[in-house]
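Engineer: mind folding the following:
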Amino acid sequence: MLRGMPTPPTRRAFCGTALASLGLAAWPHRVTAASSVPASAPTPSPAATPAPTSAAAPAAIKPKTHQKPFVYPFNIGAIEAWSISDGHMLFNDRIDKMRPPEARGAMAEELVAHGERLDGIPLYVNVLVLRYGREVVLCDAGFGVRPNPNIGWVADGLAEIGIRREDVTQAILSHGHSDHIGGFINAGKPMFPNAALRVMKAEVDFWRSPTPDFSKSFRRDNIPNMIRDVRAALDILQSNLVLQRDGDDIQGGFATFQAAPGHTDGHCTLLIRHGQESLVHIMDVAHHHVLMFSDPSWFIEFDHVPEQAVATRKRIFAELAGKRTRTYGFHLPWPGIGRVLPRGSGYRWEAERWSWGS
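Structural biologist: Next comes the predicted model:
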């Protein structure tokens with residue numbers, strides 16, 4: 001440095017001055033989706049930090065035992081929408097839950113090519129919430145409150161956006177697996193007492209049949225216990241159940257049930273539309289953002305009828321890719337919004353950029 005020259009400002013000071021000249025605050029706190037929303041969506045008030053009352057050292061902060069859920073606001077036309085993360089899990093048996101076994105080498109190569117982990121399959125759990133007029137719609141409900149603090153965040157997410165459980169008017173159950181139906185139950189009663197719980201008739205018929213057929217499935221968990229638990233949940237929810245068929249609209253006409261069997265007998269997707277905008281919620285058509293797109297014939301062992309699940313996925317992916325339809329996925333990386341695009345002989349998941357209104 002030449003003598004007599006002023007000391008150059010630090011990068012932080014320089015950027016702070018530049019931002020100040022633009023009328024912007026310098027070096028803001030890290031932004032999360034839960035604290036930054038578009039102008040049209042309700043903005044949760046951040047907890048105020050009290051000023052210190054003395055020079056004494058502040059009290060130690062207790063470690064968190066429950067991770068704050070992430071809430072991402074967006075719109076589908078005039079429909080307000082939020083993606084709430086219900087938590088996170090990892091199937092830590094590498095890719096052994098993926099089938100067919102002879103394709104696992106190719107699967108590993110795809111994961112490496114995309115910079116993905118090989119030690120397990122991450123499980124995202126995204127719950128879509130819609131508000132249009134007087135209707136508040138919850139699309140599946142996650143696991144519900146569990147001892148595991150890494151899951152069961154939906155209730156906290158709803159509280160954060162100012163929706164009480166009594167406010168929910170419509171609930172969509174895509175299928176009966178625990179990560180979808182569990183959050184609809186609270187202490188042996190319906191969690192959302194005023195909501196019509198809409199589910200495909202074929203799904204209810206499957207679980208309540210004398211002997212639900214899992215003969216084609218590769219599931220390795222306790223199937224008798226699962227059948228017992230789903231039946232118990234449906235019994236608790238019986239007074240709220242509304243049985244649907246392929247093509248049925250929910251009240252208000254802005255969402256349509258679409259049969260998507262294979263993962264379960266009555267598994268469905270949901271077409272949501274308003275004005276010129278639409279979104280398809282593919283529920284459990286895909287459980288991984290690389291593997292099931294690279295080759296839609298690869299499937300997870302949780303499918304009840306794998307051959308049918310693969311055929312359903314191929315049909316839906318072809319439709320979505322052909323129209324470049326905006327898509328939402330229950331098990332895709334949060335917030336789960338993007339598009340299915342062609343890639344070679346398969347497809348790729350193109351996540352939508354985050355936006356806070358611009």
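Engineer: strands along the stretch 251-358 of the chain, start to end?
Structural biologist: Shown for the stretch 251-358 of the chain, the strands assigned by DSSP state E, counting those that start in this stretch span residues 255-259, 268-274, 277-281, 299-300, 326-328, 337-343, 346-351.
Engineer: any chance of those in CSV with mean pLDDT and mean neighbour count as columns?
Structural biologist: Backbone N, C-alpha and C define where each C-beta goes, glycine included. Shown next, in CSV, are the strands of the stretch 251-358 of the chain (pLDDT from 0 to 100; neighbours: other Cβ atoms under 10 Å):
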stretch, mean pLDDT, mean neighbour count
strand 255-259, 97, 20
strand 268-274, 97, 21
strand 277-281, 98, 20
strand 299-300, 98, 24
strand 326-328, 98, 23
strand 337-343, 98, 18
strand 346-351, 98, 18
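Engineer: as CSV, the ones you listed with distance to F214 would be great.
Structural biologist: CSV is the format used below for these (distance: least, Cβ to Cβ, whole Å):
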stretch, distance to F214
strand 255-259, 20
strand 268-274, 20
strand 277-281, 26
strand 299-300, 14
strand 326-328, 28
strand 337-343, 29
strand 346-351, 28
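Engineer: where do the helices sit along the protein?
Structural biologist: 11-21, 104-113, 154-160, 178-181, 201-207, 223-236, 291-294, 306-323 (DSSP state H).
Engineer: could I get those as JSON lines with mean neighbour count?
Structural biologist: Output for the helices of the chain, formatted as JSON lines (neighbours: other Cβ atoms under 10 Å):
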{"stretch": "helix 11-21", "mean neighbour count": "11"}
{"stretch": "helix 104-113", "mean neighbour count": "15"}
{"stretch": "helix 154-160", "mean neighbour count": "21"}
{"stretch": "helix 178-181", "mean neighbour count": "23"}
{"stretch": "helix 201-207", "mean neighbour count": "19"}
{"stretch": "helix 223-236", "mean neighbour count": "15"}
{"stretch": "helix 291-294", "mean neighbour count": "24"}
{"stretch": "helix 306-323", "mean neighbour count": "17"}
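Engineer: can you check which of those gets nearest to D248?
Structural biologist: When the helices of the chain are compared by Cβ to Cβ, helix 201-207 sits nearest D248, at 9.7 Å.
Engineer: so which elements touch the closest one?
Structural biologist: Helix 201-207 is packed against helix 223-236, strand 241-244, with contacts defined by 3 or more Cβ pairs under 8 Å, 6 or more residues apart in numbering; DSSP states H and E.
Engineer: could I get those in CSV, plus columns for mean pLDDT and distance to M107?
Structural biologist: As requested, these are exported to CSV (pLDDT from 0 to 100; distance: least, Cβ to Cβ, whole Å):
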stretch, mean pLDDT, distance to M107
helix 223-236, 98, 25
strand 241-244, 98, 35
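Engineer: let me have those in a markdown table, extended by distance to F214.
Structural biologist: Formatted as a markdown table, the helices and strands packed on helix 201-207 follow (distance: least, Cβ to Cβ, whole Å):
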| stretch | distance to F214 |
| --- | --- |
| helix 223-236 | 5 |
| strand 241-244 | 22 |
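Engineer: looking at those, spot the one closest to N194.
Structural biologist: strand 241-244 (13.1 Å).
Engineer: list the strands paired with the closest one, with their directions.
Structural biologist: Using DSSP bridges, strand 241-244 pairs in its sheet with strand 196-200 (parallel).
Engineer: can you dump the C-alpha coordinates of the partner strand into CSV?
Structural biologist: What follows is strand 196-200, C-alpha atoms only, in CSV (Å, rounded to 0.1, in the frame of the first residue of the first chain):
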residue,chain,number,x,y,z
ALA,A,196,-64.6,-33.1,4.8
LEU,A,197,-61.9,-35.8,4.4
ARG,A,198,-62.0,-36.7,0.7
VAL,A,199,-60.4,-40.0,-0.4
MET,A,200,-60.9,-42.3,-3.3
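Engineer: where does this structure dip in pLDDT?
Structural biologist: Along the chain, segments meeting pLDDT under 70 span 1-69.
Engineer: hmm, try it at 80
Structural biologist: Along the chain, the parts satisfying pLDDT under 80 run over 1-69, 251-252, 357-358.
Engineer: partners of the residue nearest to the spatial centre of it in the sheet?
Structural biologist: With distances taken as Cα atoms, centre = their mean, the residue of the chain nearest its centroid is N126 (1.3 Å). Under DSSP bridges, the beta-bridge partners of N126 are S85.
Engineer: contact partners for it?
Structural biologist: Neighbouring residues of N126 by Cβ atoms under 8 Å, 6 or more residues apart in numbering: S83, I84, S85, D86, Y328, G329, F330, H331, L332, W334, P335, G336.
Engineer: state the distance from it to D167.
Structural biologist: N126 is 20 Å from D167, where distance means Cβ to Cβ, to the nearest Å.
Engineer: what do you get for I95?
Structural biologist: The value you get for I95 to D167, if Cβ to Cβ is used, is 41 Å.
Engineer: just E116 next, same as before
Structural biologist: 38 Å.
Engineer: ok, now which ones touch G252?
Structural biologist: With Cβ under 8 Å, 6+ apart, G252 has these contacts: Y132, G133, E135.
Engineer: drop anything exposed from these.
Structural biologist: The neighbour count (16 or more other Cβ atoms under 10 Å) marks Y132, E135 as buried among the contacts of G252.
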